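Visitor: predicted model, plus sequence, below.
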Amino acid sequence: MSTLEVSPAESLPEQSSHPVVNDFSIQVATVNGSGSQTANTVLMRSIFQMGVPVSGKNMFPSNIAGLPTWFTIRASKKGYIGRRKEIDILVAMNPETAREDVLKLDTGAVVIYDEPLKLNELRSDLHFFPVPFDKLVAPVCPEAKLRKLVRNMIYDGVVAQLLSIEMDEIHTALVKQFGKKKAKAAELNWGACKAGYEFAQKSFAQRVPYRVERMNATTGKIIIDGNAACALGCMFAGVTVVTWYPITPSSSLVESLIGYMRRFRHDPETGKATYAIVQAEDELASIGMALGGGWAGARSMTATAGPGISLMSEFIGLGYYAEIPVVVFDVERVGPSTGLPTRTQQGDVLTTAILSHGDTKHPMFFPCSPEECFTMAHEAFDFAEKFQTPVFVMTDLDLGMNNWMADAFAYPEKPIARGKVLDAEDLKRLGGFARYKDVDGDGVGYRTLPGTNHPAASYFTRGSGHNERAAYTEREDDYINNMDRLAHKFEVMRQHIPEPVVTIAPNAKIGFVAFGTSDYAVRESCDQLREEYGIEASYLRLKGYPFTQHLRDFITHHDRVYVVDQNRDAQLLGLMRLDFEPELVARLRSLRYYGGLPLDARTVTDEIVRQEGK
Amino acid sequence: MSTTVTPPPKKVNHIGLEVLQYKGSKTTLCAGCGHNSISERIVECFYDLGVNPYTVAKFSGIGCSSKSPAYFLGLSHGFNGVHGRMPAIATGAILANRTLMGLGVTGDGDTASIGIGQFMHLVRRNIPMIYVIENNGVYGLTKGQFSATADLGSTLKTGIANDLPPFDCCALALKWGATFVARSFSGDKKQLQAIVKTAIAHRGLSVIDVISPCVTFNDHMGSTKSYSYMKDHEEALQELDFVPYFEDISVDIPEGEVSDVRMHDGSHLRIRKLARDFDVNDRFKALQALEESEAKGEVLTGVLYLNTDKPTFTDLLNLADEPLTTLPESKVRPPKSVLDAVMEELR
């Protein structure tokens, strides 16, 4: 454990008189379906409300009730909100995993546990705090069948007391969690929380070596999951057709969107919806409907995960070739096949970049935070309509389903951009148009929408060979011209895709290239490498694909560039290999993690140290 | 195009368009293909009823049938999608712009084989559109394999017999929610005209299964989808007459023999019963009639079911009256105050 000066002795080290302030991680081990999510959210939120940067990671099974679940809360005064591997405080509520959870801890860790589990017998180098949960819950929750759900709130009280979390903040978080409609439930849970607090106060003379102290690093910030952030982005992007098929971890994106649209996207005068949301029969239908909507002129989207991406493959080829705008959110999970549906990975990047048969290429956006989920959602719609093509917003389970501390979202500054669409007035002026003619030199033709009241408006959309005027063709020159124009359009996208965030460390010989949620681990690792090993590392975080000149320059400026992938096969590195000449590829190294948990800084640091031979 | 009449006076419909303006490019299908007759009926019906071609969106999947939207309504937008998935594309487009008149043309392979799932969900949603199945029981474009509507025991040109029972697309449509269900024969000009016109006037999903012989691969002795088989086995339920809303309906109707269904737009479908007692409002009887005729080796044609009351999917979604596609930014991007309020909830 890095934050405590401990020797690897078997006995408990002397406790420092200076507790570690605002820098620790708590792991709560429970059974899913036991109401622990509420207790965990309240605990996380109360620390947030005390102004301390915090993050929460839910490691849950693909199951509804009865299997082990772990929730990790990390408080970091320095603002590191990536996953931290090392656990300082374990709350052991699940008899099934308690033994293994305790044996995995580093010396000096704190264990709060259900007294009958007798975990204190397992090791002598940990701080043990037994709590008789059943005894404490009975008096505060007379109704026996509710006790299973209320019981978890007791550990919030115990943890609050041991870590000096203010009970007022716990109460505020609790009330927020339950809302006004469930005041009774909030009251019941508050009773359990107080019982835990009072028990800890009375029973534990020994202090833990960690403490929460008030800061002001969270002022104005919000807590939100990436899926809800994407949903808000879509609503403010003016999305009008939403199609989906339920799949973890993307379902909550559309479910959040449904919630927001019902509240804010009905015409105040007529009560009618300014959108259509359809739960399709499968992902083939959801992407088909989204493309139909995009073709007709709607701002159209769907959300899915890896298995859905595989199913959508054929339709995406049609979208590419017939040039139809649509936005696809891919909240990635662990593949292949069904894989680990509730664990995180960046496993679809390579597939998605060239999804579908034949020569296809698709732009991708890589948000790394809720703020970027929000902004990139509406940028993606503009991009899709500007370039008349499917656009993928690649997030992952970690970003999509976990709660993140974020800056409040800024209202979009630019008006909605609908791309090159000719209406009847335009046609009257122009006399006609050729759907796939590159008039402006950017590879993007002009389109008309069905329903346009002009004799020159119609054209025939097809996935078969077509010429500039959208007529069927099998001619060699027509085919090649069209494919070359599509390739040119993709080149033009490089000038418009979000630019990467580049941090050049002075005198750095090595650099990182990463995207999405790897950002947190990589940034923290850069600090670890400097502070612990004296290694300076530059960092380029990609925000989109196709790659831009910045990436080429970055590789050129460093001896070795570590490409961070949360997948086995170094998919991002693979994409870079397709783009760059051998001299640049020779500088690339791969840094991969694919165990299904959010990437942590220590894993990155250790791997760099190993590969750099330090 | 000219919407003003110039001498010498050409024949125009009631919105001032000539029949030529309802045609498409020249067909590339085989001479004598049933699909070509269906294209002709579509041209006639849309012309006769004066449908504004700019408001029509044509959809198709993959196959010979799905090529045909290029051969009619050239002034309408068309979308030739992927195999078996036209219903999804049409659904999305119609939700995006509910003022479009959707016209889907598909085949038996496209609908009953690869696309059976999407077809059933289209039916279940009662998407307001016309869905024509050009049914020849065979894959033409891949040179003559059985589709899922091929009858048990019918043979390929090679003599190979089909040993699986067929899907009856009308029975499926009846069972799961289509609000206008009819079967016709590409060779029965008058009946098909009346059915297509009724579909144009109908508000809801119209499923029209048209037996449309494939002259190249399935018009032989062992086929049950050939011209000669249809001539011998077609059993028409009714004699149909469609009277558009802009024509006079005051013709005497003999009591008891003829019934009249009023469509949403004020048009009328006049139904003269033939051999059997049949009520187009009775879904169960229609299913029963299909079962009975199948057992007798008949191909029952005519209007099987017509329900003008059931809400469509766009009704159920409570969609705005104007197309979603062209709503102004003020209607689709909530104001800053909404974002501020949501942010406050998340603090």
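Guide: On my side now, so go ahead. Numbers count the residues shown, from 1 in each chain, chains lettered A, B, ... in the order given.

Visitor: only C-alpha atoms for contact and neighbour calcs from this point on.
Guide: OK.

Visitor: which parts of the longest helix belonging to chain A are buried?
Guide: Using DSSP state H, we find that the single longest helix of chain A is helix A:183-203. Across helix A:183-203, burial judged by 16 or more other CA atoms under 10 Å in any protein chain shown covers A:185-186, A:188-197, A:199-200.

Visitor: what is the subsequent helix or strand relative to it?
Guide: Per DSSP states H and E, helix A:183-203 leads on to strand A:210-211 as the next helix or strand towards the C-terminus.

Visitor: and that following strand, which strands flank it?
Guide: With DSSP bridges as the test, strand A:210-211 is paired with strand A:20-21 (parallel).

Visitor: wait, a strand at B:Leu192?
Guide: No: judged by DSSP: H, G, I helix; E, B strand; the rest coil, B:Leu192 forms no part of a strand; its state is helix.

Visitor: show me what the nearest residue to it once chain neighbours are set aside is bridged to.
Guide: Counting by CA to CA, 6 or more residues apart in numbering or on different chains, B:Leu192 lies nearest to B:Ser184, which is 5.9 Å off, once chain neighbours are set aside. Applying DSSP bridges to B:Ser184 gives these bridge partners: B:Val210.

Visitor: from B:Gln193, how far out is B:Ser184?
Guide: 10 Å (CA to CA, to the nearest Å).

Visitor: the more surrounded of those two?
Guide: B:Ser184 (28 against 24; other CA atoms under 10 Å in any protein chain shown).

Visitor: helices and strands of the chain: which one bottoms out on pLDDT?
Guide: Looking at chain A here, since you left the chain open. Ranked by mean pLDDT, DSSP states H and E, the weakest helix or strand in chain A is helix A:147-150, scoring a mean of 89.

Visitor: sorry, I should have been clearer: chain B.
Guide: For chain B, counting by mean pLDDT, DSSP H and E, that's strand B:258-262 with a mean of 90.

Visitor: quick check: buried residues in it?
Guide: For strand B:258-262, a neighbour-count test (16+ other CA under 10 Å) marks B:259-261 as buried.

Visitor: who's in contact with stretch B:300-307?
Guide: With contact meaning CA atoms under 8 Å, 6 or more residues apart in numbering or on different chains, stretch B:300-307 is reached by B:174, B:179-185, B:191, B:195, B:234-240, B:279-283, B:286, B:290, B:293.

Visitor: so which of the residues you listed sit within strands?
Guide: Members of the contacts of stretch B:300-307 lying in strands (criterion: DSSP state E): B:180-185, B:234-236, B:238-240.

Visitor: pLDDT weak spots in the chain?
Guide: With no chain named, the answer covers chain A. Within chain A, the ranges that satisfy pLDDT under 70 run A:1-17.

Visitor: please go with chain B instead
Guide: B:1-6, B:250-256, B:275.

Visitor: which stretches of it form strands?
Guide: B:56-60, B:77-80, B:101-107, B:129-135, B:138-139, B:145-146, B:180-185, B:205-211, B:234-236, B:238-243, B:258-262, B:268-273, B:299-306.

Visitor: need the CA coordinates for the least confident helix or strand of chain A. CSV is fine.
Guide: Written as CSV, here are the backbone C-alpha positions of helix A:147-150 (Å, rounded to 0.1, in the frame of the first residue of the first chain):
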residue,chain,number,x,y,z
ARG,A,147,-34.2,-5.2,7.1
LYS,A,148,-32.2,-6.7,4.3
LEU,A,149,-32.4,-3.4,2.4
VAL,A,150,-31.9,-1.0,5.3
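
Visitor: show me what it is in contact with.
Guide: Contacts of helix A:147-150 (CA under 8 Å, 6+ apart): A:34-36, A:137-138, A:141, A:188-189, A:192.

Visitor: apply 6 Å and report the result again.
Guide: Helix A:147-150 is contacted from outside by A:34-35, A:189, using CA atoms under 6 Å, 6 or more residues apart in numbering or on different chains.

Visitor: and the residue nearest to the spatial centre of chain A, what does it touch?
Guide: Nearest to the geometric centre of chain A sits A:Leu399, at 1.5 Å (CA atoms, centre = their mean). With contact set as CA under 6 Å, 6+ apart, A:Leu399 has these partners: A:Gly226.

Visitor: for chain A, what lies in contact range of chain B?
Guide: Residues of chain A found near chain B (CA under 6 Å from any CA of the partner chain) are A:222-223, A:236, A:238, A:272-274, A:285, A:288-290, A:292-293, A:296-298, A:450-451, A:453, A:458-462.

Visitor: what subset of those is buried?
Guide: Taking 16+ other CA under 10 Å as the criterion, what is buried in the residues of chain A next to chain B is A:222-223, A:236, A:238, A:273-274, A:285, A:288-290, A:292-293, A:296-298, A:450-451, A:453, A:458-462.

Visitor: just checking, what packs against the least confident helix or strand of chain B?
Guide: Helices and strands touching strand B:258-262, by 3 or more CA pairs under 6 Å, 6 or more residues apart in numbering or on different chains; DSSP states H and E, are strand B:268-273.

Visitor: give me the element A:Arg541 is part of.
Guide: With DSSP H and E as criterion, A:Arg541 is part of strand A:537-542.

Visitor: can you list the strands that that strand pairs with?
Guide: Checking strand A:537-542 against DSSP bridges gives partners strand A:501-503 (antiparallel), strand A:510-515 (parallel).

Visitor: so for B:Gly92, which of those sits nearest?
Guide: Comparison of the strands paired with strand A:537-542 against B:Gly92 by CA to CA identifies strand A:510-515 as nearest, at 32.6 Å.

Visitor: what packs against the following helix or strand past that closest one?
Guide: Following strand A:510-515 in sequence order, the next helix or strand is helix A:518-533 (DSSP H and E). Helix A:518-533 is packed against helix A:601-612, with contacts defined by 3+ CA pairs under 6 Å, 6+ apart.

Visitor: next, the buried residues of the helix it packs on.
Guide: Going by neighbour count (16+ other CA under 10 Å), the buried part of helix A:601-612 is A:601-605, A:607-608.

Visitor: tell me how far that helix is from the chain's mean position?
Guide: On the basis of CA atoms, centre = their mean, to the nearest Å, helix A:601-612 sits 23 Å off its chain's mean C-alpha point.

Visitor: name the residue most distant from the centre of chain A?
Guide: Per CA atoms, centre = their mean, the residue of chain A sitting farthest from its centre is A:Gly431 (47.8 Å).

Visitor: if I look at that residue, how far off is B:Gln21?
Guide: 17 Å.

Visitor: same question, A:Gly511
Guide: Distance of A:Gly511 to B:Gln21, computed by CA to CA: 64 Å.

Visitor: ok, B:Ile116 next?
Guide: Computed as CA to CA, the B:Ile116 to B:Gln21 distance reads 34 Å.

Visitor: same question, B:Ala173
Guide: Taken as CA to CA, the span from B:Ala173 to B:Gln21 is 32 Å.

Visitor: who's more crowded, those two?
Guide: Using other CA under 10 Å as the criterion, B:Ala173 and B:Gln21 rank with B:Ala173 on top: 27 against 19.
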